[in-house]
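J.: Show me the folded form of this:
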Amino acid sequence: MPFAQKNNKLTEQLLTLKIARSSARVYASTIMGLAKALKATEDFKLSDLKLRKYLTHVSSINNLTKRKNAASAVVAGLKVVGESKIISEYRQVLMKADKDYTAFLASGKRKRPYQNADKTWDNIRRLWKKLSAIVGSQKIWKRGEEISPKMYRTLMAFVYLKFLSDMPVRRLEYSDTRFVDSTDTDTLSKTGNYIIVWPKKMTWRIEKFKTFRTFGRQEFPVSVGLRKLLLQLRPITKAKNNDEYIFLNTRWRQMSRDVFSRFVGDLFHTYMGKRWTQNTIRSIKVSSVWKDSIKTLDALKIAEEMGHDTRTAMLHYRE
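T.: Model prediction:
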């Protein structure tokens, strides 16, 4: 049974800003959370956000990330109702939170949920071999189209870990990635993340990601090992999902980014005893590369492949 969607009316109002529905839903949830904290959920209207009590509350949020997210959501709500005057004050809150967060990261006080990035990344890079043995011992490939959601989840873990081993470590773009033939020009004309299947090769094209405006469309040749694995997976995926999304939920639908994030945390908790996020995996990867004096060209290359700039690598990821 599908989950009932919340804050539909507010979400629809925010969609007038021409933002993604997922972003509108997050903003709506954040705004209603603020209203609930101020005991103002009954008859709440977006125009209520201009009240000073909301600015006072948002400004007093201790957690810097939560403060930034709350301010961003309120700014979006105020744009909908055309309340421009107070928006500048919220932008000051955003700028202050950004400044404080950067100072916090640069101070070296940020605790990381791992030690020895080089060794940790090496363990992650080889983890797909453990899943390969599990898939083989359970004879999962032989199940074909009759595979259960539980067994398909094991295959997804296998594929995801092979992605980490062989390809640039991205954010959550994996959940939007689907198979498409190189001859399917109609599908490829639409913005998306694709595993493009050519007669003798594969390409991972990424267009739906956080820093698309900076880097534009990115394409990476799929390694021989990952290509072989994906070719085995594709008939099963196609039988379960008409759009051929690789990462699927238990109802054989595209896995949302939130669910994919939990999938990653569960996977590493199961096989490494650590409930790491995708951002932590990126941190481990970059820190392992930056452990020694890295060449400028190498730094720029890995930054482009992972979709961030070198300053981000130095502040947010590097040990």
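
J.: The nearest residue to residue 234 once chain neighbours are set aside is in what secondary structure piece?
T.: With sequence-adjacent residues excluded and distances taken as C-beta to C-beta, 6 or more residues apart in numbering, residue 234 is closest to residue 179, at 5.4 Å. Any C-beta I mention is one placed from the backbone N, CA and C, and that applies to glycine too. Counting by DSSP states H and E, the element that carries residue 179 is strand 177-181.

J.: That strand packs against which elements?
T.: Contact partners of strand 177-181 among helices and strands, from 3 or more C-beta pairs under 8 Å, 6 or more residues apart in numbering; DSSP states H and E: strand 193-197, helix 224-240.

J.: ok, and which of these has the densest surroundings?
T.: Ranked by mean neighbour count, these are led by strand 193-197 with a mean of 21 (mean count of other C-beta atoms under 10 Å).

J.: and it, which strands flank it?
T.: strand 177-181 (parallel), strand 202-206 (antiparallel) (DSSP bridges).

J.: I'd like the average pLDDT over that strand.
T.: Strand 193-197 shows a mean pLDDT of 98 in the predicted model.

J.: cool, stretch 257-267 as well?
T.: 96.

J.: re the thing from before, residue 189 versus the residue nearest to residue 234, what's the distance?
T.: Using C-beta to C-beta, to the nearest Å, residue 179 is found at 16 Å from residue 189.

J.: Between the two, which has more neighbouring residues?
T.: residue 179 (22 against 8; other C-beta atoms under 10 Å).

J.: low-confidence ranges in the protein?
T.: 1-5, 101-111, 290-300, 310-319 (pLDDT under 70).

J.: quick one, domains of it?
T.: 8-106, 117-273 (automatic domain parsing).

J.: will you turn those into a markdown table that also has distance to residue 301?
T.: Shown next, in a markdown table, are the domains of the chain (distance: least, C-beta to C-beta, whole Å):
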| stretch | distance to residue 301 |
| --- | --- |
| domain 8-106 | 23 |
| domain 117-273 | 10 |
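
J.: what about those domains, which gets the closest to residue 305?
T.: The closest of these to residue 305 is domain 117-273. By C-beta to C-beta, the value is 3.6 Å.

J.: So what does residue 254 have for phi and psi?
T.: Here is the backbone geometry of residue 254 (degrees, to the nearest 10): phi -50, psi 130.

J.: contacting residues around it?
T.: The contact partners of residue 254, by C-beta atoms under 8 Å, 6 or more residues apart in numbering, come to 175-176, 178, 241, 243, 245, 247-248.

J.: and if you look at residue 164?
T.: 124-125, 127-128, 281.

J.: Kindly recompute the last result at 7 Å.
T.: Applying C-beta atoms under 7 Å, 6 or more residues apart in numbering, we find residue 164 in contact with 124-125, 281.

J.: Dump these into TSV; add secondary structure as well.
T.: Conversion of the contacts of residue 164 to TSV gives the following (DSSP: H, G, I helix; E, B strand; the rest coil):
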residue	secondary structure
124	helix
125	helix
281	helix
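
J.: Need the residues you listed in JSON lines (columns: distance to residue 137 and neighbour count).
T.: Formatted as JSON lines, those follow (distance: C-beta to C-beta, whole Å; neighbours: other C-beta atoms under 10 Å):
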{"residue": "124", "distance to residue 137": "22", "neighbour count": "23"}
{"residue": "125", "distance to residue 137": "22", "neighbour count": "16"}
{"residue": "281", "distance to residue 137": "26", "neighbour count": "20"}
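
J.: what's the closest of these to residue 272?
T.: Closest to residue 272, out of all of those and judged by C-beta to C-beta, is residue 124, at 7.6 Å.

J.: re earlier: got the strands paired with strand 193-197 as TSV, with distance to residue 136 columns?
T.: TSV is the format used below for the strands paired with strand 193-197 (distance: least, C-beta to C-beta, whole Å):
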stretch	distance to residue 136
strand 177-181	23
strand 202-206	23
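
J.: what's the closest of those strands to residue 36?
T.: strand 177-181 (35.8 Å).

J.: List only buried entries from the contacts of residue 254.
T.: 175-176, 178, 241, 245, 247-248 (16 or more other C-beta atoms under 10 Å).

J.: Can you tell me which of the residues you listed is nearest residue 83?
T.: residue 176 (33.6 Å).

J.: That closest one: what's it in contact with?
T.: 192-193, 208.

J.: Make TSV from these and add distance to residue 61 to it.
T.: Listed next are these as TSV, based on distance: C-beta to C-beta, whole Å:
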residue	distance to residue 61
192	35
193	33
208	30
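
J.: ok, of those residues, which one's closest to residue 231?
T.: residue 193 (18.4 Å).

J.: That closest one reaches residue 173, doesn't it?
T.: Yes. With contact defined as C-beta atoms under 7 Å, residue 193 counts as touching residue 173 (5.2 Å).

J.: Now the common contact residues for the two.
T.: 206, 208.

J.: Many thanks, have a good one.
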